[in-house]
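1. dropping the sequence and predicted coords here.
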Amino acid sequence: MSDPLYLSAVILAMTGATFLTRLLPFLLFRNRAEHPLLNYLGRYLPAAIMTILVLYSLQGVDLFVPPFGARELVGALVTLALHRWRANPLLSIFGGTACYMAMIQTGTLA
């Protein structure tokens, strides 16, 4: 399966598919910038996606076994506090992740 021609064809097909999926919305909706559905999705979809990601990341937390999800809660609160303070998504994500990983590595709140 490591034939260079096969790998090149796969990479080319993936590149084309990625390019098309990025280009199609611009081609299809170029004259409909004020469409009500697009305005609705643009307004509510980011918050919905973030909510789903937070719930998904917390699905494995067992609230009946010590530390009762304390590390996850602290990490989420640090992320929220950093985002409220600076409104910088990268700072919030990296800061909350660093806090959570530091607690995991050092055994804090275990």
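-> Received, thanks. Given the structure is predicted, the values throughout are model-derived calculations rather than measurements. Numbering: from 1, shown residues only.
2. how much space separates G75 from A81?
-> 11 Å (C-beta to C-beta, to the nearest Å). Every residue, glycine included, has its C-beta placed from N, CA and C.
3. okay, these two: which has more neighbours?
-> Looking at G75 and A81 with other C-beta atoms under 10 Å, you find the greater number of neighbours at G75, namely 22 against 14.
4. per-residue pLDDT, the more buried one?
-> Per-residue confidence at G75 stands at 95 (pLDDT).
5. name the nearest residue to it, sequence neighbours excluded.
-> Using C-beta to C-beta, 6 or more residues apart in numbering and skipping the chain neighbours, the partner closest in space to G75 is Y100 (3.3 Å).
6. isn't that neighbour up against G69?
-> No - the pair Y100 / G69 is not scored as a contact, 11.5 Å apart, by C-beta atoms under 8 Å.
7. which residues sit against stretch 21-36?
-> L38 (C-beta atoms under 8 Å, 6 or more residues apart in numbering).
8. residues of that stretch that come out buried?
-> Within stretch 21-36, no residue is scored as buried using 16 or more other C-beta atoms under 10 Å.
9. ditto for stretch 92-109
-> Buried, per 16+ other C-beta under 10 Å, within stretch 92-109: 92, 95-96, 99-100, 103.
10. what about that stretch, distance to the chain center?
-> Taking C-alpha atoms, centre = their mean, to the nearest Å, the mean C-alpha location of stretch 92-109 is offset from the chain mean by 17 Å.
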